[in-house]
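**Student:** Sharing a model that was predicted from the sequence below.
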Amino acid sequence: MANPQTARVPLPPSRSRTVAAAACGTLGLATVALAFWRIDLRYALPTPLPPDHVAVEAGAPLRLPTGFVALGPQPTLLHFFNPDCPCSRFNLEQVHELARRFAGRVRVIAVLETQADAQAARERWLEDFEEVWIDADGALAAEVGVYSTPQAALVDAEGRLYWRGNYNVSRYCVTPDTEFARLALERLCDAADAPPPDPRAQVAWGCPLPGNEEAR
């Protein structure tokens, strides 16, 4: 016979159901929290700097990938874009607005950071951008020092990096005073008395490049 002092007394059915419901609720909350982190919260933080990242200074001449479209005689805005990145999709209207504002003075090229089918991706995004370059291996991003999307890089007519940085201070900020890409374009194209480059523009916000994401 079991020792009455050590025998395990079963929980009443009502309490068992309560414990099971609490466990399921905790698991559900954890699942929601993980989904929220994956979908939104992590993009509210600066993009982690890759350990092998090499900074590229303004004024550096660029070595463009084989087959890349020739630059000049106008400045070029390289828009680094990942179709799978929610931050990139959120940023689309800002890019189109800049393209409209500087039409005829700046060439806009969408640089797709994707490892999906190159031809299909190119055909899809030619609906949104006049020129598209598939940067599947991230070579062009590395050449200009980009490690996150969305990012902008301005190249002058001589093929030198003029500026690289964020479109704004974070992916949701639309304050005119921190529209970094617009201000850089005004300095380059209009010789405007725009504020000097803001160091906050160099702290990347958004999605890691696909290659960097896989390496984490």
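**Tutor:** Cool, the structure landed. These numbers were taken from a predicted model, which means no experiment stands behind them.
**Student:** which stretches of this protein form strands?
**Tutor:** Along the chain, counting by DSSP state E, strands occupy 76-81, 107-112, 132-134, 148-149, 151-155, 161-165, 207-208.
**Student:** in this structure, what spans have low per-residue confidence?
**Tutor:** 1-44, 70, 171-174, 192-195, 213-216 (pLDDT under 70).
**Student:** At which residues are the helices of it located?
**Tutor:** Per DSSP state H, the chain carries helices over the ranges 13-39, 86-90, 92-101, 118-125, 139-144, 180-190, 210-215.
**Student:** so what does the fifth one touch, helix or strand wise?
**Tutor:** Of the remaining helices and strands, those touching helix 139-144 by 3 or more C-beta pairs under 8 Å, 6 or more residues apart in numbering; DSSP states H and E are strand 76-81. Every C-beta, even on glycine, is put in place using the N, C-alpha and C of the backbone.
**Student:** now swap in the fourth one and tell me
**Tutor:** Using 3+ C-beta pairs under 8 Å, 6+ apart, the elements in contact with helix 118-125 are strand 107-112, strand 132-134.
**Student:** mind running it again at 6 Å?
**Tutor:** strand 132-134 (3 or more C-beta pairs under 6 Å, 6 or more residues apart in numbering; DSSP states H and E).
**Student:** who does the strand it packs on pair up with?
**Tutor:** Each strand paired with strand 132-134, and its direction, by DSSP bridges: strand 107-112 (parallel).
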